[in-house]
Each structure stands twice: as structure tokens, then as C-alpha cells.
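S.K.: sequence plus the predicted model coming up.
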Amino acid sequence: MKQKVKTGILGLVVAAFVGTSSLGIAMTIDETKAALEKLTYINPISATNAITVKPGNEQAFEALIPELRKQLTSEKGVLVFAVGRSLENPSLYSFYGEWGSPAAFLYHINRDDQAFKDLRNEIGNLTVKQSISLFEKYK
């Protein structure tokens, strides 16, 4: 699944799998990383991730959440990490994270240790769709 990133006004960045958003101009992940690296402000970056799990895989997905929480909250610069499950759709989950700076978020998306890669792959194998939105803190 090819991932594209879309940017909009006021520094709002929307990252989504192709077809999940119509805002702004499509950029590749590498272009987005390069743009984030050039930022000079230090406002926190927050991210939401709506994840639809393959039906019947909810328990396996939920079993990964404690390890994901442990991995994310151990990252320097992570301010908040929360998970919610839809009341209407038991296969839909929402993750919310906040990083203290663009640099902290860049560390997160560039993280390449094997344990985190394995966890991402496990989560990816259980999901049908992900829609990720990134925001800078509104002034």
C-alpha cells in the first residue's frame, strides 16, 4: 500500500493512504520528512490514526496495544498516547499521539529498530485501512 501525504493551510499536514483525503497537494513520505526537517518552529505535533481492523482480528489487534503503548511512551518527546474503540463499529480504533516537537515526531516516523518494525508489521497485517492526520499545535 503506497502512502502519500497531503498538506494544507496553517501548517496542517494530513497524512493518509491514497484516496482517504482530498486536501492539499500530494507529497511523498520522503518529501514530508524533508519538509518537517526544515521547520524552525518548535510547536508540538499531534497525530490521529483511524484504523479499521480486519473483522475477527479485534482481539489479536487489542493484544498488541500494550506493547505499542510501551514502545511509544518510551520515545523521547512523546507527550500523549491514547487509544479509543468506536462505539458503533467494533473494528474501528482511533489512536491519538502528541510529540513535543517536529524533531520528536521525525524520530518516531524514522524509527527503525527491529522490535518496532515487527510491531508495525503485525499491526499492518491485522488492518484493512488506516487514515492518519498530522497537526501542528494551533496558536
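M.R.: Cool, the structure landed. Residues are numbered from 1 along each chain as shown.
S.K.: which stretches of this protein have low pLDDT?
M.R.: Along the chain, segments meeting pLDDT under 70 span 1-29, 31-42, 138-139.
S.K.: can you give me the strands in it?
M.R.: 3-7, 13-17, 25-28, 45-53, 78-85, 92-99, 127-136 (DSSP state E).
S.K.: mind putting those into a markdown table with mean neighbour count and distance to Arg69?
M.R.: No exception for glycine: its C-beta is placed from N, CA and C like everyone else's. Below are those laid out as a markdown table (neighbours: other Cβ atoms under 10 Å; distance: least, Cβ to Cβ, whole Å):
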| stretch | mean neighbour count | distance to Arg69 |
| --- | --- | --- |
| strand 3-7 | 19 | 23 |
| strand 13-17 | 20 | 21 |
| strand 25-28 | 13 | 29 |
| strand 45-53 | 19 | 14 |
| strand 78-85 | 14 | 6 |
| strand 92-99 | 19 | 10 |
| strand 127-136 | 18 | 17 |
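S.K.: buried residues in the longest helix along the chain?
M.R.: Counting residues, the longest helix found in the chain (DSSP state H) is helix 58-73. Within helix 58-73, the residues that count as buried by 16 or more other Cβ atoms under 10 Å are 58, 61, 68, 71-72.
S.K.: for that helix, packing partners?
M.R.: If contacts are counted by 3 or more Cβ pairs under 8 Å, 6 or more residues apart in numbering; DSSP states H and E, helix 58-73 sits against strand 78-85, helix 114-126.
S.K.: now the ones you listed as a markdown table including distance to Leu92?
M.R.: Formatted as a markdown table, the helices and strands packed on helix 58-73 follow (distance: least, Cβ to Cβ, whole Å):
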| stretch | distance to Leu92 |
| --- | --- |
| strand 78-85 | 7 |
| helix 114-126 | 13 |
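S.K.: so which of those is nearest Thr52?
M.R.: Smallest distance to Thr52 across these (Cβ to Cβ): 10.1 Å, for helix 114-126.
S.K.: which residues touch Leu68?
M.R.: By Cβ atoms under 8 Å, 6 or more residues apart in numbering, the contact set of Leu68 is 119, 123.
S.K.: what's the answer for Ser94, then?
M.R.: Residues in contact with Ser94 (Cβ under 8 Å, 6+ apart) are 48-51, 83-86.
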